[in-house]
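Colleague: What follows is a predicted protein model with its sequence.
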Amino acid sequence: MDSNQELQFPTGDTVPFPYPQPYAVQKELMSAILTSLRQLEQREVSNTDSCNGDDDADGKKSAPIIMVESPTGTGKSLSLACASMAWLRYCQEVDLIEVVVQESSSDAASTTVTFTADVDTKKKRRAWLDSWQPDSSAPSSTLLGNTNSAATKEEVNQVKTYAISNRAALNKELNALRTRLSKLSNVAAISQSDRDGINQERVLRENLLKSGISRALAVARKRSRNDQMVGRKGGDDHVKKRKVAAVEDEFMLDDYQSDEEKKCDSSDSEDEVLSNLKNTQTTTTSAIQKISKQPTIQNLSAKALLHGANLDGSGYRVDPERNARSKSYSNTTAQSNKTPTVGQVTPGSGLRKIIYAARTHSQLSQFIGELKRTQWGKDVKVVALGSRSVLCSNDDVLYHSSKDKKRTRRSEAEITERCLDMQKNNESKCPMLESSEAVSTLALHSLTIPSDIEDMANLGKAGHACSYYASREALSAAEVVVLPYNSLLSESARQSIGLTLKNALVVIDEAHNVPEALRGISSCQLSLSVIEAAMSQLAAYTAKYLGRLAGRNLSYLGQIRRVLLAMSKYLKKPPQNKCNENDDGGGSKKEMLAAVDLMFRLKLDNLNLFTLLRYIQKSRISQKLLGFVNHAGINTKADSAVTEQLEVEQQNTFMSRHISALSIVETFLERLTCTSREGKVIVEWPGDSASNTSGSNAMFRFVQIHSASLLDSMVEEAHAIILAGGTLRPFSHVAAELFGQNDEVMKAASTGEVETSKQYDIATPRPSSFVHINPQLTTFTCGHVIPSTNVITSYLSSGPTSHKLDFRHNSRSSNEMIDELGRTILNLCNVIPSGFVVFLPSYNYESAIFQRWRSTDMLSQINKKKPIHREPKSSRDLDAALSRYSMEASSSKTGALLFSVMGGKMSEGINFANDMARAVFVVGLPYPDITDPVLVEKMQSLDREYQRLGTGITGQSYYQNLCMRCVNQSVGRAIRHANDYAAIILADYRYTSDSRIWKGLPAWLRSEVPDPSNSTFGKVLKNIRGFFTEK
């Protein structure tokens, strides 16, 4: 590259697009995202001299938020893919441009560094024990880089040239695989547009993978034979004895000092690191002096090609193959980030990334499909992360009996349990994990072409290697990572899979689901059975090591026992007059209180939870206790009564044998450090039935009220966060849910909402889109791409017999209302062609209407007009149910009728394009239960904050938005592209009588104020008949 050539930041006009002309809203969406990212780059450059970066007032980095609302069917996913990939490719060139320029002007540039000495002071550990906890003994980043806080220019160049060499080796290998695949495809005369061709391509990829694994295994066998010959020099008995003697010592707690008790720890640690550094300085200097002048591409193993420290340059002091065999650069290791890396990513994390998250696997697959359409679709490196249940191909793990797979499939928790059991069992190990070389080869091959979850699972099955662990091994080499919400939003989940967000562009689709997902992740429960199990195990552990534990360890273990004992006593004796009785007649009791109030109730108000939690985390007592219990077996098992209680509890709530009971307690104690605003504790006592006399089912439940603090780590790490969806407005609602503690973001959201209302909602004529850019928050909204003649919105207030359609909770279950609903649907089937989708307010109501219609023969009458399909209860049956409905809706003369539930499995992420949904019929309004104490607390908290700040939303507005967002998601299933058309029917008198409800609909649907006189059944039926007649 010419040193004088300046890279141009991409814009909406310059982004390569797969089609000759994108929709106007697509170009405007890409422009909004890239303009915001461009301004971020400019701020970073301008703040370089002051070293402030994008830090906030507290000195913490704060990633800008970009909220993008684009209706379903407007090409949102493709726009996100093009804009984010254009940004990534620009950043990759910028990250390396300095060293490329120096190579062109000087022969002193380095490309490869070799390091022959191997410093390994790490204590040997049990792999199965460390699998639950990141390696805590990885070297400090000071050892990896310069001892000064800022890396020297020479060191930065060494890092970059090392990364260039290893990235070139990776790309060379991937290109070779792509070339081989292309040649095979040409021989097979594959047509990309042919469905059989796509299947043939999959077969070719699988055959290519098998060949690669065979070669990798041959190399591994040769190396193994050499190692065995070297190791036959004796000393095996001595090693075995030493291992046996050290087993119990592994679970021994190290001497512990709190931060207050060891003020000099940081200097001591630095002295130790400097000492290690001196031992390696001579070898390192010698290695650096041997840098070659010309770039070389090395032939590396798959594991070395994929290793993060090789790709980001942080392992430049060590040979790439030695890096790959070492755990020193574990991706999950928290490092101080003083080691320079390409793109300023976390050392060991590999390439700078785009991280895309969605709720369902179908949404993730859709995004990967859009990536394939882009200019970069043939060579972008993509990893799709999923759970064992979708990636595992071992029937012994997935099913209790392979002969009856349909009825014996294990749950997600049971699959994880079975997988871990097989890894620990030497006699029945998982055949998919027999060879690490096979797993690494599978990981490498998965990067040749963008692969979704299904592709990855098929490759693993064909190659007889584990797709689950291969996807994680490929993570460092990935440019785009797609994963479910829970894996991204949970900080502990990110650490367990080795995913870091530093300098990554995070894209969260259907972001209106994020608050609920965060509440689910952060909420937890702690039962009496688990508490007593932890007490029993801790007592056995203390008795075993009593004479060997330091005084401080005994003190902290005593505090833990005190906490457990207080909780146990509280759950065994429920207060008589302080609980709200339930209406279930079983005598069960509940109470909700703040965490600080619970501590007073437990008489633990003088206990410093923060200090205790710090001890539990640093000492790793939970992991050591689990290892001790599993190793000691019978000698340390819990009391038989407690064991029986655990077995009974596992029937309802699965409890893994690979998770320490104390770790569950630790999680709950962490929640108790939250403020009363963030969450509450619900204490539950069972009824007085004979089976519950012991109170074994009593429990504490922590429920998250506000989720804002849970995103703090993500906002501090990421380069920028894009929140996308079709129903994000009002933006102040999303901001209040996710960033309520950030006053700047809240003000920017309120300003953005006001400006959008003025310049978009009520503007005449209305523009195609509107964007409001602020340093903290960018908001974007746009209309639909379909012409107004392709959709008709009808508000239905009465049925065929003029019975008022009132689907409020108290009246919707009456026989008269259900019968009128049946007559309404029956008549509409006469005028609606092809697919007809009905959305009901709840699953209970769906059961009620079907029960009534069976008794009145209404069900059979409707079924004669259109065959009836229902949303399945299990997610496993969803694809099959959709396939059956799609076939009848699209091919038969009568079409088909599908009953779904708002907020259910089919209300989001499902594509009802064309004939699958020529009409969507929404029954009622799905308001949440206003008597829910958690919802009441949330609304009251929002009211208090709105009065204090004057920004955000009120509790009533929040309640209203929850309902309308659910309606809008259901409505959006029908219109999926510019030429699609459908009728939208909203059945409830409140749609015309309450202006708040009408205003809550998308702007592209509410073209005019609804007229109650036009909401009678006769007029609605006439308008719908005319609409379809013209089509």
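Modeller: Arrived safely. Residues are numbered from 1 along each chain as shown.
Colleague: where do the helices sit along the stretch 701-850 of the chain?
Modeller: Counting by DSSP state H, counting those that start in this stretch, one finds helices in the stretch 701-850 of the chain at the ranges 712-717, 731-738, 743-756, 815-828, 843-856.
Colleague: Would you tell me which of those gets closest to M567?
Modeller: Nearest to M567, of all the helices of the stretch 701-850 of the chain, is helix 712-717, at 28.1 Å by Cβ to Cβ. C-beta here means a position set from N, CA and C on the backbone, and glycine is covered the same way.
Colleague: what's the average pLDDT for the closest one?
Modeller: Averaging pLDDT along helix 712-717 gives 89.
Colleague: tell me which element the nearest residue to I773 once chain neighbours are set aside falls in.
Modeller: With sequence-adjacent residues excluded and distances taken as Cβ to Cβ, 6 or more residues apart in numbering, I773 is closest to S36, at 5.8 Å. Assessed by DSSP states H and E, S36 sits inside helix 24-46.
Colleague: Pull the distance from that helix to the chain's centre.
Modeller: On the basis of Cα atoms, centre = their mean, to the nearest Å, helix 24-46 sits 25 Å off its chain's mean C-alpha point.
Colleague: buried stuff in that helix?
Modeller: Residues of helix 24-46 classed as buried by neighbour count (16 or more other Cβ atoms under 10 Å): 25-38, 40.
Colleague: With respect to E937, which of those residues is nearest?
Modeller: Of these, the one sitting nearest to E937 (Cβ to Cβ) turns out to be S36, at 34.8 Å.
Colleague: For that closest one, give its distance to I65.
Modeller: 9 Å (Cβ to Cβ, to the nearest Å).
Colleague: any residues in contact with both of the two?
Modeller: 720, 778 (Cβ atoms under 8 Å, 6 or more residues apart in numbering).
Colleague: if we can go back for a sec, could you list which residues are in contact with the residue nearest to I773?
Modeller: 64, 66, 720, 773, 778.
Colleague: averaged over its residues, what pLDDT does stretch 556-565 have?
Modeller: The predicted model assigns stretch 556-565 a mean pLDDT of 94.
Colleague: In it, which residues are buried?
Modeller: By neighbour count with 16+ other Cβ under 10 Å, stretch 556-565 contains the buried residues 556-557, 559-560, 563-564.
Colleague: again with stretch 889-897
Modeller: Buried-residue list, stretch 889-897, by 16+ other Cβ under 10 Å: 889, 895-897.
Colleague: and the residues you listed, which of them are in strands?
Modeller: 896-897 (DSSP state E).
Colleague: got TSV for the buried residues of stretch 889-897, with pLDDT and distance to A493 too?
Modeller: Conversion of the buried residues of stretch 889-897 to TSV gives the following (pLDDT from 0 to 100; distance: Cβ to Cβ, whole Å):
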residue	pLDDT	distance to A493
A889	91	38
G895	93	43
A896	94	39
L897	95	40
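Colleague: Let's test this: mean pLDDT of stretch 486-500, rounded?
Modeller: 90.
Colleague: residues contacting the closest residue to F17 other than its chain neighbours?
Modeller: The shortest distance from F17 to any non-neighbouring residue, by Cβ to Cβ, 6+ apart, is to C82 (6.0 Å). By Cβ under 8 Å, 6+ apart, the contact set of C82 is 15-18, 30, 374.
Colleague: same thing with K865?
Modeller: Counting by Cβ under 8 Å, 6+ apart, K865 makes contact with 826, 829-830, 894, 897.
Colleague: burial measure for E716, as a count.
Modeller: 15 (other Cβ atoms under 10 Å).
Colleague: quick one: it from Q851, how far?
Modeller: As for E716, its distance to Q851 is 52 Å (criterion: Cβ to Cβ).
Colleague: Next, the contact list for the closest residue to G460 other than its chain neighbours, please.
Modeller: If the residues on either side of it in the chain are set aside, G460 comes closest to S467, at 3.1 Å by Cβ to Cβ, 6+ apart. Going by Cβ under 8 Å, 6+ apart, S467 touches 391-393, 442, 456-457, 459-461.
Colleague: circling back to that earlier point, now, which of the buried residues of stretch 889-897 sits nearest D857?
Modeller: When these are compared for distance to D857 (Cβ to Cβ), L897 wins out at 16.3 Å.
Colleague: Nearest residue to the closest one in space, please, no chain neighbours.
Modeller: Per Cβ to Cβ, 6+ apart, closest to L897 is K866, 4.0 Å.
Colleague: Over to A736?
Modeller: Per Cβ to Cβ, 6+ apart, closest to A736 is G952, 4.3 Å.
Colleague: just the buried residues of stretch 889-897 now: which is nearest E510?
Modeller: Using Cβ to Cβ, those come closest to E510 at A889, 24.2 Å.
Colleague: Give me the distance between the closest one and E908.
Modeller: Distance, A889 to E908, using Cβ to Cβ: 19 Å.
Colleague: Same question for L986.
Modeller: In terms of Cβ to Cβ, L986 sits 18 Å off from E908.
Colleague: do the same with Q26
Modeller: Distance from Q26 to E908, counting by Cβ to Cβ: 21 Å.
Colleague: Kindly report the same for K804.
Modeller: 30 Å.
Colleague: Of the two, which one has the most company?
Modeller: Shown here are K804 and E908; by other Cβ under 10 Å, E908 has more neighbours (25 against 13).
Colleague: I figured the more buried one was touching N968, is that so?
Modeller: No. Judged on Cβ atoms under 8 Å, E908 makes no contact with N968 at a distance of 10.4 Å.
Colleague: Dump the contacts of S36 into TSV; add distance to S619 as well.
Modeller: Listed next are the contacts of S36 as TSV, based on distance: Cβ to Cβ, whole Å:
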residue	distance to S619
P64	38
I66	41
A720	37
I773	48
T778	44
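Colleague: Run through the helices of the stretch 351-500 of the chain in chain order.
Modeller: 361-373, 388-391, 395-398, 405-408, 412-424, 436-445, 453-463, 467-473, 485-489, 491-497.
Colleague: Tell me which other helices or strands the fifth one touches.
Modeller: The one in question is helix 412-424. Secondary-structure packing of helix 412-424 (3 or more Cβ pairs under 8 Å, 6 or more residues apart in numbering; DSSP states H and E): helix 127-130, helix 388-391, helix 395-398.
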